[in-house]
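Visitor: 3D model of this:
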Amino acid sequence: MRETPTWRIPIGVLGLCVALAVYGILVASFVAPLIGEWHALLQMPVYVLLGVVWILPLRRFLIWMETGRWG
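Guide: Numbering: from 1, shown residues only. So this is what the prediction gives:
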């Protein structure tokens, strides 16, 4: 267990919140108008994929928050 707090965790959490907000705004601004007329069952896999894809770089980011290294 870490004895002294690190600045990476609060900055990382704030950065993650900002990045997710920007990602959500981008998806809502660019993807929603493109597929908004599709049937709901066709929209669903697109939004599920976009809802999961942001998790892919998260592992390395969380490692950085804990250790200061990217791997």
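
Visitor: for stretch 22-38, buried residues please.
Guide: Val27 (16 or more other C-beta atoms under 10 Å). Placement of C-beta: from N, CA and C, glycine included.

Visitor: neighbours of Gly71, how many?
Guide: Counted with other C-beta atoms under 10 Å, residues neighbouring Gly71 total 7.

Visitor: for it, what are its contacts?
Guide: If you count contacts by C-beta atoms under 8 Å, 6 or more residues apart in numbering, Gly71 has them with Arg60, Ile63.

Visitor: look up how far Tyr23 lies from it.
Guide: Here the criterion is C-beta to C-beta, to the nearest Å. By it, Gly71 lies 23 Å from Tyr23.

Visitor: any idea how far Val48 is from Leu42?
Guide: Noted for Val48: a distance of 12 Å to Leu42, by C-beta to C-beta.

Visitor: where does Trp38 sit: helix, strand or coil?
Guide: Three-state secondary structure (criterion: DSSP: H, G, I helix; E, B strand; the rest coil) places Trp38 in coil.

Visitor: please report the distance of it from Ile25.
Guide: As it turns out, when the distance is counted by C-beta to C-beta, Trp38 lies 21 Å from Ile25.
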